[in-house]
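Undergrad: can't give you the sequence, but here's the structure:
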């Protein structure tokens, strides 16, 4: 790829709202403030402010979706999709990505300082929902002067945010691309999240959330992340990547990693704990589990909604199986929305939304070009 | 069910072998002895000793497959399948089930006393394999005076033992029923086992295996078991059992169980730690992960083997998917064995081998009646 296809160096910015005496009131009750969102933007907002695309990140993602931070060797998490000439073409569109409320990458979350106590919130942080995350994003969009998003797009938990935008602010979003996501978690998805939470809380270092400034619950959090990684891949993609290959090892004691897949999982678990807050893990997975936009909740019967949808799902994704995307499409169709549904052939499992760049680019580029023409009409 | 269809009260028996100066030598090296196997038998061995059926238990099972222990309200784990007139008809057959080597239900394992030290083996227990488990079973079968089993049958890890009997002692088994099992674990199966092991070892109480007589690693072991339970059920059976029903609760602090599925998993995890040894968890899952009977290993080309097979698999079993049973059948067919393959419709997932009693009874009863006639021929 030539340099002209890259965004280059980017910087995370910070937007703070709900400053006293104002407060941010989560769905579950309580109040916090001020609230900060870390965000990045790529491309330029046009004078009509009609070219803004909001990208929602998945569970462990952050505001750094594209380009490079000064000195970094790795780009943002969706760099293959965002940039000049790419699916989210920064020559045409103004792309925004913010770290979710409850996160730990610059936005206010349980690891942030509670101004009332001068110490981290820990479990005093209120229970948050996907609707709360999206409400915080709406503050940011208002601040940027954008009345109506050209598009909201995202995979996995990012797709949940997309659907929540439709539900919460249908007049403020022209089109939506929910990818590899669901209206609500199935008991199996809740169960995987719950086991991850239990792994975190089983670590004595977790200490009911009060570990800041002390040893962190790194072993529990690593186990939680390992479970996640299994669910992100398919049986087949694991087979292709690892097979039953044995790991080169110095067998110092029993139960070290024998197979490559074991070493991989341990590596991913260990590296995760360096970049993620254990309490954010608990709050954000709960937010996903609480989401339920089934039935009347996505688009109430009495509401006049006219949004264009592109719903994407991946055939080998067993964490967010096809039927969950089909359920989204079914509801959209019964509500008379303009919805296109594509099932993408992939062996990557849930991770496909980060990896099937060519297919996604093809579908999304075309869709955005079409919806750009009808914006404001 | 009438009382005439029940076995009634049963008692676990104990068989000890590899008494000094003899030793049991596991595949991985080392030596232990004496070795005890806990076992139960149901029905009577006929004078020709031609009606013996060996049942292999699954990962967390034990020797108590059928009937009731004095004072117990729950019967053995496969009571629906074993008894007068049942699939394994104790009016006709002599049924044997033993706790595996490495286990914690009466057979020698890491929690047993090492006669050399007078303390539990803990991690001084040698690495064991499915072949070692089966070798120990062979000692028991010899002791019972049985030259050739009429049948070896078992689901999941029990099925692995069945396949290992075929590989290790093809002359000593007339027929075999591997159920919901595999020739070898896929990387996904290894990954789930490994996360369970990591959860156990992440618990500081695990203490590199030296927790006997002290606090046990109950939180880690409970998390490991919760992961297991997710993989034993199907997405659909979880949906049918729990949906998104909320649990009645007294929300004392955040991150208590909200959904019924969470409460169920916590309950299953907590009850497991009362009955299972954490080190056995590590040893037995590793034994499963090491198994590899693919290629020439099940039936070597130069060996004359003539065993009758009934291979059973369940459509919603995603832990041991259909293709793994199909792989077994493919190898059997290319080695000229008499193999019948049945895919049973079930929504129960991997647990189906414990639950689809009617279908299993129908297939197994017929198969056993047929192979009884050809025994010795």
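TA: It's in. Every value quoted in this text rests on a predicted model; they were computed, and no experiment measured them. Residues are numbered from 1 along each chain as shown, chains lettered A, B, ... in the order given.
Undergrad: Tell me which residue in the stretch 51-200 of chain A sits closest to chain B.
TA: residue A:187 (4.0 Å; Cβ to the nearest Cβ). The way it works is simple: take the backbone N, C-alpha and C, and place the C-beta from them, glycine included.
Undergrad: tell me the mean pLDDT for the helix or strand residue A:239 falls within?
TA: Element membership for residue A:239, per DSSP states H and E: helix A:235-241. Averaging pLDDT along helix A:235-241 yields 95.
Undergrad: circling back to that earlier point, contacting residues around the residue of the stretch 51-200 of chain A closest to chain B?
TA: B:238-239, B:241-244, B:259-261 (Cβ atoms under 8 Å, 6 or more residues apart in numbering or on different chains).
Undergrad: ok, and which of these reach chain A?
TA: By Cβ under 8 Å from any Cβ of the partner chain, the members of the contacts of residue A:187 lying near chain A are B:238-239, B:241-244, B:259-261.
Undergrad: Now list the buried members of those residues.
TA: Listed as buried from these are B:238-239, B:242, B:244, B:259-261; burial here means 16 or more other Cβ atoms under 10 Å in any protein chain shown.
Undergrad: Any buried residues in stretch A:16-32, and which?
TA: By neighbour count on 16+ other Cβ under 10 Å, the buried set for stretch A:16-32 is A:17-18, A:24, A:26, A:32.
Undergrad: Can you list which of those are found in strands?
TA: residue A:17 (DSSP state E).
Undergrad: picking up where we left off before, would JSON lines of the buried ones among the ones next to chain A among the contacts of residue A:187 with distance to residue A:198 be doable?
TA: Formatted as JSON lines, these follow (distance: Cβ to Cβ, whole Å):
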{"residue": "B:238", "distance to residue A:198": "17"}
{"residue": "B:239", "distance to residue A:198": "21"}
{"residue": "B:242", "distance to residue A:198": "16"}
{"residue": "B:244", "distance to residue A:198": "19"}
{"residue": "B:259", "distance to residue A:198": "13"}
{"residue": "B:260", "distance to residue A:198": "15"}
{"residue": "B:261", "distance to residue A:198": "12"}
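Undergrad: sorry, back to before: any idea how far the residue of the stretch 51-200 of chain A closest to chain B lies from residue B:55?
TA: Residue A:187 is 32 Å from residue B:55, where distance means Cβ to Cβ, to the nearest Å.
Undergrad: can you tell me the average pLDDT over the longest helix along chain A?
TA: The single longest helix within chain A, with elements called by DSSP state H, is helix A:357-374. For helix A:357-374, mean pLDDT is 97.
Undergrad: Give me the contacts around that helix.
TA: Identification of contacts with helix A:357-374 by Cβ under 8 Å, 6+ apart yields A:50-51, A:53, A:80-81, A:86-89, A:92-93, A:150-151, A:153, A:174-175, A:177, A:179, A:308, A:310, A:312, A:340, A:342, A:344-346, A:353.
Undergrad: which residues does the residue nearest to the spatial centre of chain A contact?
TA: Centroid-nearest residue in chain A, with Cα atoms, centre = their mean: residue A:58, separated by 1.9 Å. By Cβ under 8 Å, 6+ apart, the contact set of residue A:58 is A:154-158, A:353.
Undergrad: mind redoing it with 6 Å?
TA: By Cβ atoms under 6 Å, 6 or more residues apart in numbering or on different chains, residue A:58 lies in contact with A:155-158.
Undergrad: Same question for residue A:175.
TA: A:151, A:308, A:371.
Undergrad: Neighbour count added to these, as CSV?
TA: Formatted as CSV, those follow (neighbours: other Cβ atoms under 10 Å in any protein chain shown):
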residue, neighbour count
A:151, 28
A:308, 19
A:371, 20
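Undergrad: coming back round to it: enumerate the positions of the longest helix of chain A that are buried.
TA: For helix A:357-374, a neighbour-count test (16+ other Cβ under 10 Å) marks A:357, A:359-361, A:363-365, A:367-368, A:371-372 as buried.
Undergrad: can you give me the helices for the stretch 151-300 of chain A?
TA: A:157-168, A:187-202, A:218-232, A:235-241, A:260-273, A:278-290 (DSSP state H, counting those that start in this stretch).
Undergrad: and the last one, average pLDDT?
TA: Helix A:278-290 shows a mean pLDDT of 97.
Undergrad: can you state the direction angle for the next helix or strand after that helix and helix A:357-374?
TA: Going down the chain from helix A:278-290, the next helix or strand is strand A:308-314, by DSSP H and E. Per axes from the mean of the first three to the mean of the last three Cα atoms, to 10 degrees, the angle that strand A:308-314 makes with helix A:357-374 is 170 degrees.
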